[in-house]
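Colleague: below: sequence and its predicted model.
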Amino acid sequence: MRCFVTGASGFIGANLVHALVARGHSVRALLRPGADLRGLAGAGFETVRGDLTDGVSALARAMAGCDWCFHVAASYALWLPDYAPMFRANVDGTRDLLTAAHQAGCSRIVYTSTVGCIGLPRPGPDGVTRPTDETTPVDEGQMSNPYKLSKWRAEVVARDLAAAGLPIVLVHPSAPIGPRDVKPTPTGQVIVDFLRRKMPAYLDTGLNWVHVRDVAEGHVLAAERGRPGERYILGHAEGNWTMKEALDTLSELTGLPAPGFRVPHAVALGAAHVDEWLARWTGKPPKAPLAGVRMARYKMWFSPAKAIRELGLPQTPPRQAMAEAIDWFRAHGHAP
């Protein structure tokens, strides 16, 4: 198939391009001038220069002749001095991109959402937190920061267009780790900080860790087997770990000691308020954004059972994903 990919220079996007090329598909990547192409090294693809804000006509021309469209690109930040550009890219850009893909005649459109748009797990009467899935009730009121709100509104756009007949499948990656995390991403930064011995303490939170290769394969499988209008969580069935469990695993893999001090959430919240107050004066992003601390109140545990059942989502052990991430970060100068 001829595939059009936005966000190809990002962590998931770069791994998706490699996965598509490995399967024999051709790739046309929408890239802004000056995009960091290190994650795409070794992959053969065609470049189209442009941006999500170029408009429907320009985007349709960019993907003319393509069979599949993967919309992975998004503006991601937990703190910005002005969030208007984020909403233009994530909401208006998604509407234009999906409309353009339909006009260009793409037979399948895969939209990359986030587990932030899935209902959050909460402790039950017995105190146990159980993973949620695509059926868990959620609404705009649960979007606790501008990034999540922008992605929620973008997902509403995608679902409305799917309901109108566009062949859109929605995928929701959890917390991917692995090779080609050039920036690195927030989850990759946890590993880098651990390797650099810059993590003296931790918050009592939880994530669903998944190998980025499985997430990339999940995108391809969504194009092949996904049902239009459906949502699929791309995670690992055994990847719901507390932060302490994740750090203990990193310790076992590296021989480095895991931090033993857990920061009370109230303390972290107070520090984040001060950090953001200073950021408003300095213009420099806070080291601990308030949005991130608020999200850490919840264990973001999810069930990928639907994607495993309907798509055949691979399940690489999270421990192996961590080991490969460690090796990649060390090999590329992110850590000793």
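Modeller: Cool, the structure landed. Residues are numbered from 1 along each chain as shown.
Colleague: now do the contacts for Glu134.
Modeller: By C-beta atoms under 8 Å, 6 or more residues apart in numbering, the contact list for Glu134 reads 118, 172, 230-233, 306. To be clear about C-beta, it is placed using only N, CA and C from the backbone, and glycine gets the same treatment.
Colleague: and for Ala29?
Modeller: Ala29 is in contact with 4-6, 8-9, 13, 17, 40, 45-48, counting by C-beta under 8 Å, 6+ apart.
Colleague: check which helix or strand it maps to.
Modeller: Following DSSP states H and E, one finds Ala29 within strand 26-31.
Colleague: helix or strand next in line after that strand, which one?
Modeller: Scanning forward in sequence from strand 26-31 by DSSP H and E, the next helix or strand is strand 46-49.
Colleague: is it true that Asp92 lies in a helix?
Modeller: Yes. Membership of Asp92 in a helix is supported by DSSP: H, G, I helix; E, B strand; the rest coil.
Colleague: apart from its chain neighbours, what residue comes closest to it?
Modeller: Nearest non-adjacent residue to Asp92, counting by C-beta to C-beta, 6 or more residues apart in numbering: Thr53, 7.3 Å away.
Colleague: and that neighbour, how many neighbours does it have?
Modeller: 14 (other C-beta atoms under 10 Å).
Colleague: ok, it touching Ala89?
Modeller: Yes. Look at Thr53 against Ala89 with C-beta atoms under 8 Å: they come within range, at 6.5 Å.
Colleague: please, where are all the helices along the chain?
Modeller: For the chain, the helices defined by DSSP state H cover 11-22, 56-62, 84-87, 93-103, 146-163, 186-195, 212-225, 243-254, 265-282, 290-295, 305-311, 318-331.
Colleague: between those, which one is nearest to Asp139?
Modeller: Set against Asp139 and scored by C-beta to C-beta, these come closest in helix 146-163, at 8.5 Å.
Colleague: pLDDT on that closest one, on average?
Modeller: Averaging pLDDT along helix 146-163 gives 96.
Colleague: could you check how far Phe45 is from Arg32?
Modeller: 15 Å (C-beta to C-beta, to the nearest Å).
Colleague: settle it for me: which of those two has more neighbours?
Modeller: Per other C-beta under 10 Å, whichever of Phe45 and Arg32 has more neighbours is Phe45, with 20 against 11.
Colleague: isn't that one right next to Leu16, touching?
Modeller: No. The pair Phe45 / Leu16 is not scored as a contact, 10.8 Å apart, by C-beta under 8 Å.
Colleague: need the residues touching each of the two.
Modeller: Joint contacts of Phe45 and Leu16 (C-beta under 8 Å, 6+ apart) are 5, 8.
Colleague: residues in contact with the residue lying closest to Gln103 once chain neighbours are set aside?
Modeller: Excluding the flanking residues, the one nearest Gln103 by C-beta to C-beta, 6+ apart is Ala60, at 4.5 Å. For Ala60, the contacting residues are 100-101, 103-104, by C-beta under 8 Å, 6+ apart.
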